[in-house]
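Chemist: Mind looking at a prediction? Sequence and model below.
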Amino acid sequence: MVYLATFNWGWLLASALVGLAMGWIAVVQRGHGLSVTTMRRVAIVLGALILASVFHLAPGRAGYWLDLGLVMMAIYIVGCAIGSWLRNLVVSRHTPAV
């Protein structure tokens with residue numbers, strides 16, 4: 001992990017900044033979202049990728065890219081959450097209590 005952060009800090013920073021920007025410009029949708037079946041499939045695939053990374057099932061360069069991709073995705077999602085939270089603080093219109 002230290003290796004990824006040391007040698008790929010630019011990519012990790014870019015991932016965080018893109019996530020921050022996407023969280024800021026994203027319009028909140030109060031739609032139905034994904035179905036339960038789709039969410040389960042995504043969770044299973046993501047869990048399998050994390051387990052493959054933890055147990056080093058992908059050797060060499062493929063494992064390196066897997067680790068980097070998972071870390072970048074996590075940083076992107078955190079950046080999206082922070083960006084949307086900041087937009088809510090700055091842009092939201094609070095109605096005064098009457």
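Modeler: That came through fine.
Chemist: Who are the packing partners of the helix or strand of the chain with the lowest mean pLDDT?
Modeler: Using mean pLDDT, DSSP states H and E, helix 2-7 stands out as the lowest-scoring helix or strand of the chain, at a mean of 86. For helix 2-7, the contact count by 3 or more CB pairs under 8 Å, 6 or more residues apart in numbering; DSSP states H and E identifies helix 60-91 as packing neighbours. Backbone N, C-alpha and C define where each C-beta goes, glycine included.
Chemist: First-to-last residue distance for stretch 46-66?
Modeler: 11 Å (CA to CA, to the nearest Å).
Chemist: hmm, who's touching that stretch?
Modeler: Defining contact as CB atoms under 8 Å, 6 or more residues apart in numbering, one finds that stretch 46-66 is touched by 67, 70.
Chemist: Figure out how far it is from the centre of its chain.
Modeler: Between the centre of stretch 46-66 and the centre of its chain there are 17 Å (CA atoms, centre = their mean, to the nearest Å).
Chemist: okay but Ser84 is in contact with Gly23, surely?
Modeler: Yes: using CB atoms under 8 Å, Ser84 is in contact with Gly23, at 4.1 Å.
Chemist: can you pull the buried residues of the least confident helix or strand of the chain?
Modeler: Leu4 (16 or more other CB atoms under 10 Å).
Chemist: pLDDT averaged over the helix or strand following that helix, what's the number?
Modeler: Reading on from helix 2-7 to the C-terminus, the next helix or strand found by DSSP states H and E is helix 9-25. The average pLDDT within helix 9-25 is 96.
Chemist: repeat for stretch 43-50
Modeler: For stretch 43-50, the mean confidence score works out to 97.
Chemist: Stretch 60-68 now?
Modeler: 94.
Chemist: for stretch 79-91, same thing?
Modeler: Per-residue scores along stretch 79-91 average to 92.
Chemist: Setting the sequence-adjacent residues aside, check what's closest to Asn77.
Modeler: Careful, residue 77 is Ile; it's not Asn. Gly19 (6.6 Å; CB to CB, 6 or more residues apart in numbering).
Chemist: so how far is Leu51 from that neighbour?
Modeler: Computed as CB to CB, to the nearest Å, the Gly19 to Leu51 distance reads 24 Å.
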